[in-house]
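Asker: sequence first, then the predicted structure:
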Amino acid sequence: MAFLPSGEILVAEKGWGSNVDGISRIRLVRGGSLQATPVLTLSTNVYLDSGLLALTLDPHFARNRHFYVWYAIGQNARGWDGTSYNRISRFTFDPATGTASPGSELVILDRIPWAEWHNGGGLHFGPDGYLYIALGDIGEPDRVQDLSTWNGKLLRIRPTDAGYEIPPDNPFRETPGALPEIYALGLRSPYRLAAHPDDGTLYLADVGAQTWEEVNRVQAGANYGWPVREGPCPQGQRQPCESAPTQYTDPILYYAHPPVLGGALTALAFSTGEVYPPEYRGKLFLADFNLQSLQMATLTEDGFALEAFADGAGALTDMEFATGGLYLLNIYRGTIQLLYHSTAANRPPTASLEIAPTLGPPPLVVTFSAAGTHDADDSALWYHWTPEPGGQTWVTTSPVFTHTYTADGSYLATLQVFDARGGASEPVTAQVNVYSGAIPSIHLENLTAPQRQTFQGGDRLRFLAVREGGTSGLDPERPYTWRIDLHHNQHTHPAITGYVGEEGIWTLSRENHGGDWNLWYRFYLTMRTDNGQEIELSREIYPDLSRIRVESQPGEAIFSVNGRQEPAAYIFKAIAGVEQQLEAPPTLLYKDGIGQFAYWTMFATGWPAAASPTETILPTRTLTILPPAGEVVYTAHYTYTRPAYRAFLPRIDQGEGP
């Protein structure tokens, strides 16, 4: 989101649709209200972590009304040639209409390599007037340290009316073979940039792999280390660890992932001291999408101090300080929230609402629970329940309430909690659908392996709405709408959003998402009746897993497994059919000899055990494997080539002196 000088807000919606047939919009918030007419609609590829990714204003917006967007082009985008890639374009905003004409598009930077993951998202004008663009590694870490590619880099350009120019002091401008747009490198999935209010120094949040989240101070020519480094350590290691070699720059701020939960640093904002009290000036606020937490950091010459600021902040993808406080953009809720500073002695409660059941025919008895409500001052609480919009409100001192719905309809139930000093929580809502008609079910068919109820990488899945009576009584234009989310740790990636149809076919990615195995999909089906009622249901599908052992014979090699150094025998879990990278060292020291790599063998035993285990010979030292389900052993074999020669230094006896 971007705040206009008028106080209005431009908001980028990631988009909805199916892959390259996606639609993304820029919306306008005026006077606190979302305007019905979009500012701009773009044809985008919305698959997984792509779509409309970033938005920033021209430094001279008040005069020229220019703003810049970063989007993955879809099949109806200008210049479409059948391939998706990322594009930076400039548009011109018309304040009279609250829109921007598609014809005002000026393509600034084009054909940036695209992927379903790790495209990046940092887009910000620095105090020097140049545009900084933070690009992800698109899931290909080998690109990051290569100066002939843009991926995993921070770019710096000067937009012009004809495209862009290279700043004269870009650090790699005169480096043979290097792309002159590159300003810094060594990034994985850089998502947001923020400028310090005192000196304008830019700071860049980079989403880590499995161990660390980090913030880097932007410096010309800096190499932030990925995929060799992650946070303050070699990739995959926790402290204590080796400090960065001289060619790499360690982050100025970092924090470790909690076990199992992971992390994803997706929003940054510096307090200017104008909205919050002066003592907050220069404090850096950080939002973690995965942990749904908000932290505050104090940066010093010697390091940083990090403290918790708010739990349960939500799935934030941007935040900005503006008039009134800190504005939080929540992608799950589709909301902008304001976190303001209050001098009141009493802190209002935070309400929580859970309901069951959420769907059924009338009469439907629903139980509401506010058991998760929190009050920092531990006051007595009163619960105000409004189960039907505009209907009666019941007040209880109990956090549990029941209500019977007697007629078909979609009801938005509301809870607001008050404490003994008059403090009031923000209202929270929950949807109840009462429907006496036929409710559909979700049918999933694995077209790759019809007998399988689980999934593997590369599977083609058919998803189908099954309902007695078909589409009778449903909206003829869009009776069924689908959303598919990839769940990973505690967060989700929207894979398909807004697909309209009774059925569809979807091919699952073989990309390994950093080597993680704890991935699964949830299919959401929304049925819309002819009178506008919407009913949602969901179904999950989970993966087949492979338990992989990597070893060497003879000796004990150090392997590269998905870019990380691991000793033999290393055991890890993976999703069957999803690509994994293995690399064996060319030579191996064992006993008194040197071994030369000969070949790999793959020995699959099945799950839990196969009737006839199979062994396959793989001749190349570097492998991209699609592991089968079950137990599988990859063994690197070495052939003895020569003895290991030894050299001895003479002993120097210095006597018994000091």
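Answerer: Good, I have the coordinates.

Asker: any idea how far Ile157 is from the nearest residue to Leu253 once chain neighbours are set aside?
Answerer: Excluding the flanking residues, the one nearest Leu253 by C-beta to C-beta, 6 or more residues apart in numbering is Val215, at 4.1 Å. Every residue, glycine included, has its C-beta placed from N, CA and C. Distance, Val215 to Ile157, by C-beta to C-beta, to the nearest Å: 23 Å.

Asker: can you get me a residue count around the residue nearest to Leu253?
Answerer: 22 (other C-beta atoms under 10 Å).

Asker: that one: which element?
Answerer: For Val215, the enclosing helix or strand under DSSP states H and E is strand 212-217.

Asker: what strands flank that strand, and is each parallel or antiparallel?
Answerer: Next to strand 212-217 in the sheet, as set by DSSP bridges, lie strand 202-207 (antiparallel), strand 253-256 (antiparallel).

Asker: now do the buried residues in the helix or strand that comes right after the last one.
Answerer: Moving toward the C-terminus from strand 253-256, the next helix or strand (DSSP H and E) is strand 265-270. By neighbour count on 16 or more other C-beta atoms under 10 Å, the buried set for strand 265-270 is Leu265, Thr266, Ala267, Leu268, Ala269, Phe270.

Asker: Gly200: which of these is nearest?
Answerer: Phe270 (10.3 Å; C-beta to C-beta).

Asker: tell me the pLDDT at the closest one?
Answerer: On the pLDDT scale, Phe270 is placed at 96.

Asker: before we move on, what about Glu656?
Answerer: On the pLDDT scale, Glu656 gets 56.

Asker: do the same with Gly469
Answerer: What the model reports as pLDDT for Gly469 is 85.

Asker: host element of it?
Answerer: Gly469 belongs to no helix or strand, assigned by DSSP H and E.

Asker: and it, how many neighbours?
Answerer: Around Gly469 there are 10 residues (other C-beta under 10 Å).

Asker: try His124
Answerer: With other C-beta under 10 Å as criterion, His124 counts 21.

Asker: which residue sits closest to it, ignoring its sequence neighbours?
Answerer: Spatial nearest neighbour of His124, excluding adjacent residues (C-beta to C-beta, 6+ apart): Leu193 at 3.9 Å.

Asker: give me the buried positions along whatever helix or strand the one you found lives in.
Answerer: For Leu193, the host element (DSSP H and E) is strand 189-195. Going by neighbour count (16+ other C-beta under 10 Å), the buried part of strand 189-195 is Ser189, Pro190, Tyr191, Arg192, Leu193, Ala194, Ala195.

Asker: for these, which one is nearest Arg421?
Answerer: Closest to Arg421, out of all of the buried residues of strand 189-195 and judged by C-beta to C-beta, is Ala194, at 36.2 Å.

Asker: who touches the closest one in this structure?
Answerer: Ala194 makes contacts with His124, Leu202, Tyr203, Ala205, Leu268, Ala269, Phe270, Leu284, as judged by C-beta atoms under 8 Å, 6 or more residues apart in numbering.

Asker: hmm, 10 Å instead?
Answerer: Counting by C-beta atoms under 10 Å, 6 or more residues apart in numbering, Ala194 makes contact with 122, 124, 201-205, 215, 267-270, 284-286, 319-321.

Asker: ok, now which ones touch the nearest residue to it once chain neighbours are set aside?
Answerer: Nearest residue to Ala194, sequence neighbours excluded (C-beta to C-beta, 6+ apart): Leu268, at 3.9 Å. With contact set as C-beta under 10 Å, 6+ apart, Leu268 has these partners: 122, 124, 191-195, 203-205, 215, 284-287, 297, 318-320.

Asker: mind redoing it with 7 Å?
Answerer: Arg192, Ala194, Tyr203, Ala205, Leu284, Leu286 (C-beta atoms under 7 Å, 6 or more residues apart in numbering).

Asker: same thing with Glu615?
Answerer: Contacts here follow C-beta under 7 Å, 6+ apart; on that basis Glu615 touches Thr601, Met602, Phe603.

Asker: buried among these? Make that a PyMOL selection.
Answerer: In PyMOL syntax, the buried subset of the contacts of Glu615 is picked out as below (16+ other C-beta under 10 Å):
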select buried, resi 602
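
Asker: just give me the closest of the contacts of Glu615 to Gly221.
Answerer: Closest to Gly221, out of all of the contacts of Glu615 and judged by C-beta to C-beta, is Met602, at 42.9 Å.

Asker: residue contacts, that closest one?
Answerer: Glu615, Thr616, Leu618, Val632, Tyr634.

Asker: state the distance from it to Gln581.
Answerer: 14 Å.

Asker: for stretch 21-32, buried residues please.
Answerer: Gly22, Ile23, Ser24, Arg25, Ile26, Arg27, Leu28, Val29.

Asker: kindly indicate which of the contacts of Leu268 lies nearest Arg483.
Answerer: Arg192 (25.0 Å).

Asker: wait, that closest one touches Leu123, no?
Answerer: No: assessed by C-beta atoms under 7 Å, Arg192 is found out of contact with Leu123, at 8.9 Å.

Asker: which residues do those two both contact?
Answerer: Counting by C-beta under 7 Å, 6+ apart, nothing touches both Arg192 and Leu123.

Asker: ok, the closest residue to Thr149 other than its chain neighbours - contacts?
Answerer: Nearest residue to Thr149, sequence neighbours excluded (C-beta to C-beta, 6+ apart): Arg143, at 4.5 Å. Contact analysis of Arg143 by C-beta under 7 Å, 6+ apart lists Asp137, Thr149, Asn151, Gly152.

Asker: try Pro278
Answerer: Contacts for Pro278 (C-beta under 7 Å, 6+ apart) come out as none.

Asker: fine by me, thanks again.
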